[in-house]
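S.K.: Fold the following for me, if possible:
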Amino acid sequence: MYHCHRATAALVAIGHGLALSASAAAQETSVPEESRVKPLRSGFRGLESRVLGFGTYKETTQYRTRKRYVNPGVGAIVSYDQAIRGPWSGGLQARWSLWEPQEAALVDEAEAPEQTAPLAAFSRIQFSPRLPFLWGETFDGIVRPFAVGGLGFVGFFEARPTYRRSNAFPSETAATYGGGVRLVWPDTAALRLSFERWRGLRSFRVSALTWQLEVQFGDVSAL
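M.R.: Predicted coordinates:
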């Protein structure tokens, strides 16, 4: 009888131990794991890592072009940029302005120059390094200097109302290069201030310096 009671007690202890183990295992499996799903970014995802820009610019003709033409007003800019890798981004920019003939050219030249409206389209590469070690994380997130260069095509047209091809200059390929700074309001907009010089590559007859002001929308922090 004594041995029977001991065997029963041993079985009860074993059963109790198994129950505790099962309960502990259930508690371990019931603890939820940390979610690895990243939250979606707010905003218009169609412009992720991309920006659209609209602005204006002042153009100053140079060298031989300055002897015949002057730009008395400002031009219009439309641009598109997207992040490439690291500090590099690329995009397209279209510019439209109006050149008036110089008064001296109207008097001196046998064939007086006519009013013309150059329309330029450039494919551009922009380099904008991040420099938090130089002026801190906060300042670096807002003020972003850059250098830019690219190739494109410039066509010359008559002004309103015809907008026909102008006889002033033949259309030709051109290069642009310069630099500037972007002022970024994260997740809102950016202001791009820059200066660029462009010139024709075929005849080298046309050259101008531009001072540009653009407002950019989209994923402005990505560039």
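S.K.: Give the residue spans of this structure that score low on pLDDT.
M.R.: 1-46, 104-113, 160-162 (pLDDT under 70).
S.K.: which ones are touching the residue nearest the centre of it?
M.R.: Geometric centre of the chain, nearest residue: D81, 3.7 Å, by C-alpha atoms, centre = their mean. For D81, the contact set (C-beta atoms under 8 Å, 6 or more residues apart in numbering) comprises 50-51, 53, 89-91, 124, 126, 216, 223. Bear in mind the C-beta positions are built from the backbone N, C-alpha and C, glycine included.
S.K.: Tell me the one of those nearest F204?
M.R.: R124 (20.6 Å; C-beta to C-beta).
S.K.: how much space between the closest one and A222?
M.R.: 17 Å (C-beta to C-beta, to the nearest Å).
S.K.: the more surrounded of those two?
M.R.: Ranked by neighbour count (other C-beta atoms under 10 Å), R124 and A222 place R124 first, with 21 against 15.
S.K.: Name the helix or strand for the more buried one, please.
M.R.: strand 117-127 (DSSP states H and E).
S.K.: who touches the following helix or strand past that strand?
M.R.: Using DSSP H and E, the helix or strand that follows strand 117-127 in sequence is helix 132-135. With contact meaning C-beta under 8 Å, 6+ apart, helix 132-135 is reached by 140, 143.
S.K.: Stretch 92-100 now?
M.R.: Residues outside stretch 92-100 that contact it (C-beta under 8 Å, 6+ apart) are 53, 57, 59, 61, 69-80, 115-124, 150, 152, 159, 168, 210.
S.K.: if we go to 6 Å?
M.R.: Contact with stretch 92-100 is made by 59, 69-72, 75-80, 115-117, 119-124, 159, as judged by C-beta atoms under 6 Å, 6 or more residues apart in numbering.
S.K.: Stretch 207-216 now?
M.R.: Contacts of stretch 207-216 with the rest of the structure, by C-beta under 6 Å, 6+ apart, involve 51, 53-63, 65, 77, 190, 192, 194-197, 199.
S.K.: and with 8 Å instead?
M.R.: By C-beta under 8 Å, 6+ apart, stretch 207-216 touches 51-65, 71, 75, 77, 79, 81, 95, 178, 180, 182, 189-200.
S.K.: Cheers, nothing more for now.
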